[in-house]
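Student: Coordinates for the following, if possible.
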Amino acid sequence: MLIQIFFTAGAIAPLMFDAPFSDLQPTYAINVANTLPGLVDQLVIIMYQDASKPIDEILKGNKQLGKVFCFNQDLEGPQKENSTTTITVDGVTKTIVSYEQKRDRVRIEEVISYV
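Tutor: Numbering: from 1, shown residues only. The predicted structure follows:
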């Protein structure tokens, strides 16, 4: 089985969630953000930051936020009238869409580390 090749009983691996807070109301999202990190040793959350759900601030306040990464989109074409898209985390600003690149692709880049 493919699963046995990568994960054996007792294997240490991070728990990964893709958008676990998207459909939750803010109150429930905050409760989940306070609870999830206590359930595992390593937690990876892929999410879009919603202003009504300050998940990163909760995790940072609880000393449970190690690093923040963002997806960066490289595009071959010119910027034209498109605005520059950025993300700012604790004063660190990253451009997340770059134009006139060699090829279209998406990169993952570290924004800030708290460890």
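Student: could I get the longest helix that the chain contains in PDB with only the CA atoms?
Tutor: When the chain is parsed with DSSP state H, its longest helix is helix 26-35. Written as PDB, here are the backbone C-alpha positions of helix 26-35 (Å, rounded to 0.1, in the frame of the first residue of the first chain):
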ATOM      1  CA  PRO A  26     -15.900  34.000  14.000                       C
ATOM      2  CA  THR A  27     -16.700  32.700  17.500                       C
ATOM      3  CA  TYR A  28     -16.200  29.100  16.500                       C
ATOM      4  CA  ALA A  29     -13.100  29.900  14.500                       C
ATOM      5  CA  ILE A  30     -11.500  31.500  17.500                       C
ATOM      6  CA  ASN A  31     -12.400  28.400  19.700                       C
ATOM      7  CA  VAL A  32     -10.900  26.100  17.100                       C
ATOM      8  CA  ALA A  33      -7.700  28.200  16.800                       C
ATOM      9  CA  ASN A  34      -7.300  28.000  20.500                       C
ATOM     10  CA  THR A  35      -7.800  24.200  20.600                       C
END
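Student: how far is that helix from where the chain is centred?
Tutor: How far helix 26-35 lies from its chain's middle: 16 Å, per Cα atoms, centre = their mean, to the nearest Å.
Student: What strands flank the helix or strand just after it, and is each parallel or antiparallel?
Tutor: Under the assignment DSSP states H and E, the closest C-terminal helix or strand after helix 26-35 is strand 43-46. Strand 43-46 has the following strand partners under DSSP bridges: strand 15-18 (parallel).
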